[in-house]
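[1] structural data only, the sequence is not supplied:
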C-alpha cells in the first residue's frame with residue numbers, strides 16, 4: 001500500500017505561482033512513477049505531468065508545457081509540481097498518483113496509476 005498526501009494548493013492571482021507537494025508513505029516507488037492530474041468543475045480528470053522516479057524522465061500535457069515543472073526528492077519520498085504563470089483555466093482540484101511498475105515509459109493515463117491522493121484545490125483568479 002502507498003498513501004499519498006497532496007499539499008500546497010490555494011488561491012493565487014493570474015500570473016502567480018504555486019508549488020504542490022505529494023508526500024508518499026508506505027511502499028516506496030523508487031522503480032515507478034508519480035503523476036499529476038487535475039479536475040475542474042464539470043470536466044473530466046486530465047493528465048498534467050509525470051516523472052519516472054529513478055530516471056527523472058518527465059512528460060507534460062501541452063497545456064502546461066513551459067509553465068509547470070515536475071520533480072522529486074528521493075530523501076523525502078516527495079514529488080513536486082511547480083506551477084508558474086498560472087491562468088484562470090488552471091483552476092481545478094489537483095491530484096497526485098503513483099505507479100509502482102518499473103518501465104521506461106512515463107505513464108500519462110489514469111489507468112496507469114495504482115494509488116491516488118485526496119486532491120488539493122488550486123484557484124486562479126483573473
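    Noted; the coordinates are in hand. Predicted model only: the values in this text are computed from it and were never measured.
[2] which one is the spatially most central residue of the chain nearest to, not counting chain neighbours?
    Closest to where the C-alpha atoms of the chain average out (Cα atoms, centre = their mean) is residue 36, at 2.3 Å. In space, residue 36 comes closest to residue 48 once its chain neighbours are excluded; the distance is 4.3 Å by Cβ to Cβ, 6 or more residues apart in numbering. No exception for glycine: its C-beta is placed from N, CA and C like everyone else's.
[3] and the residue nearest to the centre of the chain, how close does it get to residue 91?
    15 Å (Cβ to Cβ, to the nearest Å).
[4] residue 28 now?
    Distance from residue 28 to residue 91, by Cβ to Cβ: 32 Å.
[5] so which of these two has more stuff around it?
    residue 91 (18 against 14; other Cβ atoms under 10 Å).
[6] dihedrals phi and psi, the more buried one?
    Note on residue 91: backbone dihedrals following degrees, to the nearest 10 are phi -60, psi 130.
[7] for the nearest residue to residue 94 once chain neighbours are set aside, give the beta-bridge partners.
    The shortest distance from residue 94 to any residue other than its chain neighbours is 4.8 Å, reached at residue 38 (Cβ to Cβ, 6+ apart). For residue 38, the beta-bridge partners are residue 46, residue 94 (DSSP bridges).
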